[in-house]
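**Q** pasting the sequence and the predicted model now:
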Amino acid sequence: MRPNRHAEQLALVGDRRAALRHVLAGIVPPGTPFVWEIGSGHGHFLAAYAKAHPDRLCVGIDISSDRVARADRKRERAGLGNLHFILADADDFLASMPADSLFTTVFILFPDPWPKRRHHKNRVVRPEFLSAAAARSEKGAGLYFRTDYEPYFRKAEAIVRGHPDWEGQGAPSWPFEEASVFQKRAQRHFSLEARRR
Ligand SMILES: C[S@@+](CC[C@H](N)C(=O)[O-])C[C@H]1O[C@@H](n2cnc3c(N)ncnc32)[C@H](O)[C@@H]1O
């Protein structure tokens, strides 16, 4: 990348993260732990989860503005004050979280599989993501990953197993079942649970 282009990209990321910090300051009160969903799509899972756990602050993020808008309509119709959907990328979110707030649980349900090797860098579950997520989560925090794409599942399992901050759990005990849009379409799925050391 040309040096000028690189500087422009960095400035854009900086602006995006500053805007996100501002949004997050309005929805995550200082020191409040929260439940996080990455790639919340149309919001089916997190809306049901937030309804079943009215005492927990829940934040869903997605990079598709249409999906965030749709999820947000679901939240409004259900009148759920403990639920928020925002337009954000997972790495930007981690870099913009309020300094004194940690997540207790993260759900990653049917993430984009990026099957081609040269695109694996776009996957959510990467060692750098796990390091940043460990720095922003409570000790014992749960990471719940589910996909219908077995190669991504096997790779995510290996990445978690090789990561010093997360401990894979043998048989996942899934904390809450509500089929997402992609789960309803899937013939089968694979689930992974990990705990922050
Ligand atoms: C295959 S869809 C699954 C949606 C939903 N979880 C479900 O199971 O129905 C993946 C979603 O992740 C979102 N996504 C992809 N990369 C993301 C990222 N880096 N940060 C946040 N969301 C992302 C996409 O926009 C899309 O809505």
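**A** Okay, I see it.
**Q** ok, so what distance separates the residue nearest to R196 when sequence neighbours are not counted from the ligand?
**A** In this structure, R196 finds its nearest non-sequential neighbour in A141, 4.2 Å apart by Cβ to Cβ, 6 or more residues apart in numbering. C-beta here means a position set from N, CA and C on the backbone, and glycine is covered the same way. Distance of A141 to the ligand, given as Cβ to the nearest ligand atom, to the nearest Å: 18 Å.
**Q** A141 touches F103, doesn't it?
**A** Yes: if you go by Cβ atoms under 8 Å, A141 and F103 touch, sitting 6.3 Å apart.
**Q** check the secondary structure at the residue nearest to R196 for me.
**A** strand (DSSP: H, G, I helix; E, B strand; the rest coil).
**Q** contacts only, for it.
**A** L102, F103, T104, T105, V106, R195, R196 (Cβ atoms under 8 Å, 6 or more residues apart in numbering).
**Q** could I get those in CSV, plus columns for neighbour count and secondary structure?
**A** Converted to CSV, these look like this (neighbours: other Cβ atoms under 10 Å; DSSP: H, G, I helix; E, B strand; the rest coil):
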residue, neighbour count, secondary structure
L102, 18, coil
F103, 23, strand
T104, 16, strand
T105, 21, strand
V106, 22, strand
R195, 16, strand
R196, 22, strand
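**Q** from the residues you listed, which is closest to the ligand?
**A** V106 (11.4 Å; Cβ to the nearest ligand atom).
**Q** for the closest one, which non-adjacent residue is spatially closest?
**A** V106's closest residue in space is W36 (Cβ to Cβ, 6+ apart), at 4.6 Å.
**Q** residues from this protein in reach of the ligand?
**A** Applying Cβ under 6 Å from any ligand atom, we find that the chain lies next to the ligand at 38-39, 41, 61-64, 67, 89-90, 109-112, 124, 180-183.
**Q** buried subset of these?
**A** Applying 16 or more other Cβ atoms under 10 Å to those, the neighbour count classes 38-39, 41, 61-62, 67, 89-90, 109-111, 124, 180, 182-183 as buried.
**Q** any idea which residue is closest to the centre of the protein?
**A** I38 (2.3 Å; Cα atoms, centre = their mean).
**Q** hey, where'd the strands end up in the protein?
**A** Using DSSP state E, the strands assigned to the chain run over residues 34-38, 57-62, 83-87, 103-109, 137-147, 166-168, 190-196.
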